[in-house]
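J.: Sequence and predicted model, in that order:
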Amino acid sequence: MKKLYLRTFGCQMNEYDSARIADLLADAEGVVLTERPEEADIILFNTCSVREKAQERVFHDLGRVRLLKKNKPELIIGVGGCVASQEGEAIVARAPYVDVVFGPQTLHRLPELIAAKRASGKAQVDIRFPEIEKFDHLPPPRVEGVSAFVSIMEGCGKYCTYCVVPYTRGEEISRPFEDVLVEVADLADQGVQEITLLGQNVNAYRGKRGGKKGDSAETADLAELLGYLAEVPGIERLRYTTSHPCEMSARLIEAYGKVPKLVSQLHLPVQSGSDRILAAMKRGYTALEYKSIVRRLRAVRPQLSLTSDFIVGFPGETEADFDATLKLVQDVKFDGAFNFIYSSRPGTPAAELDEQVPRAIQQRRFEALQTLLDAQYREYSETMVGSTQRVLVTGPALKDPKELQARTDNNRVVNFAGDEALIGRYIDVTITAALPHSLRGRQVMA
């Protein structure tokens, strides 16, 4: 029985892609996953280029498995994901022991690429951006557990000046409406109760509905898709990530009043509170417009929990710009956020900008913003103490396997004492304590 060692970096899109890679190779070659690279017949790195020095990290990891190939010449080593899209043939030039290089849109060709490598002895590279054909060549997803990711679109057409995604994943392409419905229905048949829809800008979804491929067909937006998915038997909760403020349509906002299964939690990246910096980032909205979207959302769903992304120290950011970010955080009151120090990405417009902010100033601003965000997170957690929450029990608690772990509607982790028979079920818990990164709860007995 062949074994696959698969290491994943980056976003939930990459996690989804890795799961599909495992399904694909299980179907094609009967491989099973292993957590020990020394046992593997195939070693794959599914990479991310968002973080600083991502390429160097990939080559570092490749260097660690190079010796394994000396002892097992038939071992296949591959690199996929966004770094693969960026570097392409350069990966093989620098690391000749790499056998296959594939992009996010060509992962479905892995069995073919591996076979060609074995037959020819030559490294295979395919980092094209074909139309969203990969989903037509992937087997139905297999899942364990009661929650699952479903990718509904690929790529990004926003071209924010700091971001490499449009260059590594291509333009926005949506999966056909019916294809998504079929995948979710199949997952529900496997016992999945909670679905998270994925896309770089997931709320830009415009999937063809009706008609055949190539025909002019009507399109369904995310609001319509959510309405239909809420009717799939067995599906109890719907989430989606990551969203762009410019795509937060009136119809999608209204869905929070019409689709009860749509959770009261939204991740809506803002990046900065300064209009000048937002324009330099090419985000397409102002701080006031962002706050207007939030007001409209909370008018429809008052209990909405909002999380976001921030980049501090963008080129040219002044103290006044940073103060505007702090003010936006104070005004909106986020329930958590991912906070990043800006680092340039080769090939992006921001990398060519003057006035790069010194690292010490970036670090100071990062710490000040993180302190404020952490305080808001703790404050929100404290307001939940004493409340009764409907939670999905997902499995044993990480720190104490004798306890159970569950997730609230607003995506908080709750640990509580309970019978393992509850795993996979929705139950009510009373929140008894707010901890730095989780909640404690007590099961409400019927």
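T.: Everything's here; your move. Numbering: from 1, shown residues only.
J.: hey, where'd the helices end up in the stretch 101-250 of the chain?
T.: Taking DSSP state H, counting those that start in this stretch as the test, the helices found in the stretch 101-250 of the chain are 110-120, 165-169, 177-189, 222-229, 250-258.
J.: could you say what helices and strands the last one packs with?
T.: Spelled out, it's helix 250-258. Applying 3 or more Cβ pairs under 8 Å, 6 or more residues apart in numbering; DSSP states H and E, we find helix 250-258 packed against helix 222-229, helix 287-300. C-beta coordinates here come from the backbone N, C-alpha and C atoms, glycine included.
J.: which regions of the chain lie under the pLDDT threshold?
T.: 50-54, 130-135, 137, 211-217 (pLDDT under 70).
J.: Kindly list the longest helix within it.
T.: helix 359-384 (DSSP state H).
J.: ok, then the element right after that one?
T.: The element immediately downstream of helix 359-384 (helix or strand, assigned by DSSP states H and E) is strand 388-396.
J.: can you pull the buried residues of that next one?
T.: Within strand 388-396, the residues scored as buried using 16 or more other Cβ atoms under 10 Å are Gln389, Val391, Leu392, Val393, Thr394.
J.: wait, is Leu4 part of a helix?
T.: No. According to DSSP: H, G, I helix; E, B strand; the rest coil, Leu4 belongs to no helix; its state is strand.
J.: Counting neighbours, what do you get for it?
T.: 20 (other Cβ atoms under 10 Å).
J.: repeat for Gly78
T.: A count of neighbours around Gly78, defined by other Cβ under 10 Å, yields 25.
J.: Can you tell me the SS state at the closest residue to Pro269 other than its chain neighbours?
T.: Counting by Cβ to Cβ, 6 or more residues apart in numbering, Asp309 is the residue found nearest to Pro269 once chain neighbours are left out, at 3.7 Å. Three-state call for Asp309 (three-state DSSP): strand.
J.: residue contacts, Asp309?
T.: Contact analysis of Asp309 by Cβ atoms under 8 Å, 6 or more residues apart in numbering lists Thr242, His267, Pro269, Val270, Gln271, Ala337, Phe338, Asn339, Phe340.
J.: and those residues, which are buried?
T.: Thr242, His267, Pro269, Val270, Gln271, Ala337, Asn339, Phe340.
J.: Just give me the closest of those residues to Leu422.
T.: His267 (27.4 Å; Cβ to Cβ).
J.: what's that closest one in contact with, if anything?
T.: Going by Cβ under 8 Å, 6+ apart, the list of residues near His267 reads Thr241, Thr242, Ser243, Thr307, Ser308, Asp309.
J.: picking that back up, which pair of the buried ones among the contacts of Asp309 spans the longest distance?
T.: Thr242 and Asn339, at 15.2 Å, using Cβ to Cβ across those.
J.: how many neighbours does the residue nearest to Arg206 when sequence neighbours are not counted have?
T.: Spatial nearest neighbour of Arg206, chain neighbours left out: Thr219 (4.4 Å); criterion: Cβ to Cβ, 6+ apart. Thr219 has 14 neighbours, counted by other Cβ under 10 Å.
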